[in-house]
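what shape does this take:
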Amino acid sequence: MAQPPKISRALVGAFGRYVRWYLRRHFHAVRLSRADRPVIDPEERLIVYLNHPSWWDPLVGLLVAHEVLGDRDHFAPIDADALARYPFFERLGFFGVEQGMGHGMRRFLRTSRAILERPGSALWITPQMDLFEATCHTWCTGRATASS
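All right, here's what the predicted structure looks like:
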């Protein structure tokens with residue numbers, strides 16, 4: 001069975017401080033409403049499904065993850081080639097997936113299942129990853145399998 005990446009809390013904390021500083025330099029504001037925030041059991045497993053139209057999204061997502069979802073372990077798929085170029089991302093909770101390959105989809109599903117077996121975990125997914133060169137039906141079926 002695939003194993004989730006081993007997260008370094010020290011690296012996540014340091015990178016989180018860097019992201020906060022970086023966003024302050026490049027954004028006028030990042031606003032999060034405190035009204036109507038859901039109350040989520042800290043042991044509950046989460047799937048966070050969001051759009052990813054720009055490269056800023058992972059940085060804003062990291063800020064939101066730590067402001068709203070506290071001390072959870074956060075995981076997200078990333079293109080395997082990108083992870084090979086930036087291997088420290090694995091210690092931040094990213095796991096590599098070979099895009100356009102059937103075995104990439106299978107690894108994504110196995111790793112996602114292993115992540116979601118851990119209480120208090122959060123799996124961040126964006127629809128923009130081209131994990132499988134087939135119809136949306138195949139991708140949607142895979143996503144449903146991972147979350148069942």
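
and the longest helix seen in the chain, what does it pack onto?
In the chain, with assignment by DSSP state H, the single longest helix is helix 9-26. Helix 9-26 sits against helix 57-68, with contacts defined as 3 or more CB pairs under 8 Å, 6 or more residues apart in numbering; DSSP states H and E. Quick note: C-beta positions are derived from backbone N, CA and C, even for glycine.

the helix or strand following the helix it packs on packs against which elements?
Per DSSP states H and E, the first helix or strand lying C-terminal to helix 57-68 is strand 73-79. Judged by 3+ CB pairs under 8 Å, 6+ apart, strand 73-79 is in contact with helix 57-68, strand 94-97, helix 102-116, strand 121-125.

other SSEs contacting the helix or strand that comes right after strand 73-79?
Downstream of strand 73-79, the next assigned helix or strand under DSSP H and E is helix 80-85. Under the contact criterion of 3+ CB pairs under 8 Å, 6+ apart, helix 80-85 touches strand 94-97.

what pairs with the strand it packs on, parallel or antiparallel?
Paired strands of strand 94-97, with direction, are strand 73-79 (parallel) (DSSP bridges).

quick one on the thing from earlier: between helix 57-68 and the longest helix of the chain, find me the angle.
Inter-element angle recorded for helix 9-26 and helix 57-68: 110 degrees (by axes from the mean of the first three to the mean of the last three CA atoms, to 10 degrees).
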